[in-house]
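1. Compute the structure for the input listed below.
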Amino acid sequence: MHSVLIRNQDINDTKYFKCCCGCHVKQAAVVIAIISTVAGFLTLIFGNVNSTVFGIAVIVAGALVFYADRQVKAWAYIPFLVVQAVAIIIYLVGIFTILVWTITLPQWLIDTLTKHGALTQVRAALIIAMVILIIVEAFAIWFWSIVFRAYCYMCEVLGGPSLG
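-> Now for the predicted structure:
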């Protein structure tokens, strides 16, 4: 984060509210909402039944970010922040689980893989999956921080998290 939001800040100073790509945090939040909404639709199309609820939640949260930007409503950023925080926690649990499985595979899996001679390929695949999940986690945290800064900007513009 480039700066910390303080009270009585000049809200018209766009340098203060730019993210690392050089655009305003509100514009970056809209881009993130587009990316998240597309990912939500892809989850609905290619995901399984268990991921359907999360895909719908991501789509609704992304739509609310568009609403927050167009209607200047700070509260509409909160569902996205909550959904993204849940995703960050799930990614952390996944990283930890993959790490534990990489170090100590369950005995039933070792027995099954030894029969097929695929034990080393599974460890390599687990390491690759963990690295990919760490990269996804980094982007999720970065996206959350940008949308949070857009929320803080809206609170400054409105003088508080307006629900009206």
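
2. avg pLDDT for the helix or strand where residue 88 lies?
-> Using DSSP states H and E, residue 88 sits in helix 78-103. Average pLDDT, helix 78-103: 93.

3. Output the contacting helices and strands for it.
-> On a contact count with 3 or more C-beta pairs under 8 Å, 6 or more residues apart in numbering; DSSP states H and E, helix 78-103 meets helix 25-46, helix 49-71, helix 119-158. Backbone N, C-alpha and C define where each C-beta goes, glycine included.

4. Now do the same contact list for the residue positioned nearest the centre of the chain.
-> Taking C-alpha atoms, centre = their mean as the criterion, residue 140 is the residue nearest the geometric centre of the chain, at 3.2 Å. Applying C-beta atoms under 8 Å, 6 or more residues apart in numbering to residue 140 gives the contacts 84, 87-88, 91.

5. nearest to residue 53, of those residues?
-> Distance to residue 53 across those (C-beta to C-beta) is lowest for residue 87, with 12.7 Å.

6. List the contacts of that closest one.
-> Contacts of residue 87 by C-beta under 8 Å, 6+ apart are 54, 140.

7. repeat that with 10 Å
-> 36, 54, 57-58, 136-137, 140, 143-144 (C-beta atoms under 10 Å, 6 or more residues apart in numbering).

8. hang on, the earlier thing: can I get the helices and strands packed on helix 78-103 in JSON lines including mean pLDDT and distance to residue 105?
-> Output for those, formatted as JSON lines (pLDDT from 0 to 100; distance: least, C-beta to C-beta, whole Å):
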{"stretch": "helix 25-46", "mean pLDDT": "90", "distance to residue 105": "28"}
{"stretch": "helix 49-71", "mean pLDDT": "89", "distance to residue 105": "24"}
{"stretch": "helix 119-158", "mean pLDDT": "88", "distance to residue 105": "7"}
